[in-house]
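Visitor: My questions are about this predicted structure, shown below with the sequence.
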Amino acid sequence: MKKKILSAAIGVSVLGVAGAASAATLDDVKAKGFVQCGVSQGLPGFSNPDDKGNWTGIDVDLCRGIAAAIFGDDTKVKYVPLSAKERFTALQSGEIDVLSRNTTWTMSRDTQLGLNFAGVNYYDGQGFMVRKDLGVKSALELSGASVCTNTGTTTELNVADYFRANKLEYEIVAFEKADEVVAAYDAGRCDVYTTDQSGLYAQRLKLTNPGDHMVLPEVISKEPLGPAVRQGDDQWFNIVKWTHFAMVDAEELGVSKANFGEMMNSDNPEVKRLLGTEGEFGAALGLGNDWAANIVKLVGNYAEVFNANVGPDTDLAIARGTNDLWSRGGLQYAPPIR
Amino acid sequence: MADLPLTGAPASARADDPRRSLVIAFAVLCVVAFYASAAICFYGSDLFGPIRAVGNIFTGLFSGRWGTAFNPMAWITVLFTLGIVMRTVSWFGFEGQQSYAGNFFNDSGLRNFFFEMLLLGVLGWLFWFIVGNAVNNLAAAGIASGFDFLRRPAGFGINFSPFINYQEVSSYGTVYFVGLGNTLLVAISGIILATMIGFMIGIARLSHNWVISRLAYVYVEVMRNIPLLLWIFVWYFSVLRLLPGKADPLDLGPFGLLNIAGFYAPLPIWGEGAAIIPIALLVGIVGAIFLGRWASARQMATGQQFPVFWASLGLIVGLPLIAYLAAGMPLTFEMPTPSRFGPRGGARVPPEFLGLLVALVTYTASYIAEIVRAGILAVNKGQTEASHALGLRQGQALRLVIVPQAMRVIIPPMTNQYLNLTKNSSLAVAIAYPELVSVFAGTVLNQTGQAVEILLMTMLTYLTLSILVSLFMNWFNAKMALVER
């Protein structure tokens, strides 16, 4: 091991990695009094600031859930907007405690970047958006098109794979910020805008005439989006992982923000374990026994979070689909609390 | 400081000097202490660890295993050892030649030597600590390190690579060269154009024509008082919106097509026997240089003038033209043709390049204009009057008398502007021009996560570019400097 470390070639750099390796994140967070959460620079439905600077979205609600579990107060979060390019460095260097920024879980990210994905809070897939007047019905008709996307994303790689595999010519125009991609696509620089399908629906709202654009039916990749934490701190990893699971379990058990009061008196042992009226599950995480109760009380269960941010009643109008509970044919499945 | 002996005694005469053995002993002690502490702290008390690591540099370099050769800890060890050796040698060459105060504590040369060695040791250790810490922490955090990633396939597309054949299967190392090529392209064309426009504006600023000088003044103030990044956005996004869509490009006739996806120039296709044309061009240029020398030598000797400009133009343009006709006109142009997703064929220049180039050129030109104006104003008015008195026309006076003298003032600050332009080209990341920072320090960094290696490579690249520009400009400055007789 020593030998390997030494033959590792790193340049002279005063990168702020000292001490970032094995600190107990929970202790740091408790000492600071808030969770530092890396989010996007504005993606409606996932993490988006309103005109008063309040963040909302499915990724933001996960951060609120973590804060609720630790402090019993979902407002004790500091949001750090990050570009796709900055996000991993910010997590590695300890600038943020958790990265909850519509980030795709891939093998290379999981194994080479010194981070761990704590779960999947949104199952997504990459799609294409085009102008309706282009008259294109399928992505296979896109040979010769210019494609706008973000740099440093899996999107950029998937689109290269897809066009290569189907022997289509293309020109990639990759910007650093999502807003610049949208502006360039809106100006007509590109024929196609590609990103995760949820992102396409979200960004379409920012275009001059959203009605003039359509999302093509092809989904060309698996994009499991989820929160990531630094490798080497299992306690913190567990807290983030179980914050998401608690929301999913709560939905499955029918516990919601709305009926929280009556559920506290439930006789169902599963509900009692979730809400901490039976057992000592919070202590094992280093938290209070009401950790999950606080998540549900202050943030809600997974269905409430989904419907409030991206669901059918929102501007995004995304159906549950693959993100429905496993019991209803979806992929959201959480291990039991026991 | 001890007095220098008036008669320089040879070094060998001082073999009995007691300081010599002390200096050597201290130097050896320093090296041993450094290696031992390194071995204990970073090589698990393996006393020969640092020596082996240094040896690995050389075996790595010779066998082409770069991962071994670029071990930073070993390099610091080498540099530190070299520093100690050089300081010791310099002691023998300088302080050792001076007379001995007779007492270790009162001898200033000896004192200096000790403290400088201590400083060297502390510095070496500090570097060691920082780098060692970074290496250990990266490994402990499970972040991959080393330069092996350069061989891995990149997997993403790049839309502009005029010099290198880049495919998605090309390596990250190729991406580096694509980015470097694009940076150089925009920097070099930017420097040339900015110099030309800057000179014109600078001279226009001094024009006696009120409208022209005011226009130049407004240009300079508007351009240089607004941040460059804003200009890049303005040129890119506003100009993009003005251009026609991809399906109906603006037809520029023989010059090609222009639309939102770029400028499509006719692509020259060289036929058989076309190789003679560049040869003719080369001959023409060399001929023009000799003609210029001959003409000025003749003018010096006899006072007779020769129309050098027109003759050179004839050589440089005429010779290739004759070669072209003689070879049977082996040049055809592939014209771009419109299609649904934009024109096909031709040589495409993407709007990202044009936007960045225009922004960099117009912005830097405003600074260059001010430098040129200052340079011309620095030449005494008497020079203008004298040249007019000699019968030179306004243009001749400027070209033959004023500008050559103004150059001495202009060149040094011009170097700064060239360096700025080169470094500012990294702002291209905002508008998707695939230069070094955008594709290498951006996309590649994001995919590999190896921030330290990639940023180090990028920084070293810009440092090298800047030093090269500096060296060239210093050489040029020395050439243009006032030669005093």
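Guide: Yep, it's here.

Visitor: residue contacts, the closest residue to B:A274 other than its chain neighbours?
Guide: Spatial nearest neighbour of B:A274, excluding adjacent residues (C-beta to C-beta, 6 or more residues apart in numbering or on different chains): B:P330 at 4.4 Å. C-betas here are computed from N, CA, C, even on glycine. Counting by C-beta atoms under 8 Å, 6 or more residues apart in numbering or on different chains, B:P330 touches B:270-274, B:324.

Visitor: Return the member of the residues you listed nearest to B:G318.
Guide: B:Y324 (10.5 Å; C-beta to C-beta).

Visitor: Quick check: which element contains that closest one?
Guide: Following DSSP states H and E, one finds B:Y324 within helix B:319-326.

Visitor: After that helix, which helix or strand is next? Please name it.
Guide: With elements assigned by DSSP H and E, the helix or strand that comes after helix B:319-326 is strand B:331-334.

Visitor: per-residue confidence at the residue nearest to B:A274?
Guide: Reading off the confidence values, B:P330 has pLDDT 75.

Visitor: Roughly how far does it sit from A:D73?
Guide: Relative to A:D73, B:P330 is positioned 79 Å away (C-beta to C-beta, to the nearest Å).

Visitor: State the phi and psi torsions of the residue nearest to B:A274.
Guide: Backbone torsions for B:P330, taken as degrees, to the nearest 10, come to phi -80, psi 30.

Visitor: Show me the strands in chain A, by range?
Guide: In chain A, the segments counted as strands under DSSP state E are A:35-39, A:48-49, A:55-56, A:77-81, A:98-99, A:115-117, A:122-124, A:126-131, A:145-150, A:170-175, A:192-196, A:213-215, A:223-225, A:228-230.

Visitor: can you list the domain ranges for chain B.
Guide: B:11-143, B:172-266+B:351-480, B:269-334 (automatic domain parsing).

Visitor: Comparing those domains, which stretch has the densest surroundings?
Guide: Comparing the domains of chain B by mean neighbour count (mean count of other C-beta atoms under 10 Å in any protein chain shown), domain B:172-266+B:351-480 ranks first with a mean of 18.

Visitor: Let me see the residues that make contact with the helix holding B:Y324.
Guide: By C-beta under 8 Å, 6+ apart, the surrounding residues in contact with helix B:319-326 are B:276-281, B:283-284, B:287, B:330-331.

Visitor: Out of the residues you listed, which sit inside helices?
Guide: Within the contacts of helix B:319-326, residues falling in helices by DSSP state H are B:276-281, B:283-284, B:287.

Visitor: closest to B:T81 among those?
Guide: Set against B:T81, the nearest of the ones in helices among the contacts of helix B:319-326 by C-beta to C-beta is B:P278 (51.6 Å).

Visitor: can you tell me which residues contact the closest one?
Guide: Taking C-beta under 8 Å, 6+ apart as the test, what B:P278 contacts is B:P320.

Visitor: any idea of the pLDDT on it?
Guide: For B:P278, pLDDT reads 82.

Visitor: Look up the closest residue to B:V169, ignoring the ones flanking it.
Guide: Nearest one to B:V169, counting by C-beta to C-beta, 6+ apart, is B:P153 at 5.2 Å.

Visitor: neighbours around the one you found, how many?
Guide: When counting by other C-beta atoms under 10 Å in any protein chain shown, one arrives at 13 neighbours for B:P153.

Visitor: And the pLDDT for it?
Guide: Looking at B:P153, its pLDDT is 90.

Visitor: you'd agree it is up against B:G173?
Guide: No. B:P153 is beyond contact range of B:G173, at 10.3 Å (criterion: C-beta atoms under 8 Å).

Visitor: Distance of A:E176 relative to A:T322?
Guide: As defined by C-beta to C-beta, A:E176 lies at a distance of 30 Å from A:T322.

Visitor: B:R205 too?
Guide: B:R205 is 65 Å from A:T322, where distance means C-beta to C-beta.

Visitor: residues touching whichever residue of the stretch 151-300 of chain A sits closest to chain B, list them.
Guide: Residue of the stretch 151-300 of chain A nearest chain B, by C-beta to the nearest C-beta: A:G152 (3.0 Å). A:G152 makes contact with A:83-85, A:176, B:442-443, B:445-447 under the criterion C-beta under 8 Å, 6+ apart.

Visitor: which of those residues lies closest to B:A430?
Guide: Taking those together and measuring to B:A430 by C-beta to C-beta, the closest member is A:E176, at 6.7 Å.

Visitor: which residues touch the closest one?
Guide: Neighbours of A:E176 in contact, by C-beta under 8 Å, 6+ apart: A:83-85, A:150-152, B:429-430, B:438, B:442.

Visitor: do the same with B:N424
Guide: Remark: with contacts taken as C-beta under 8 Å, 6+ apart, B:N424 is in contact with B:228, B:360, B:363-364.
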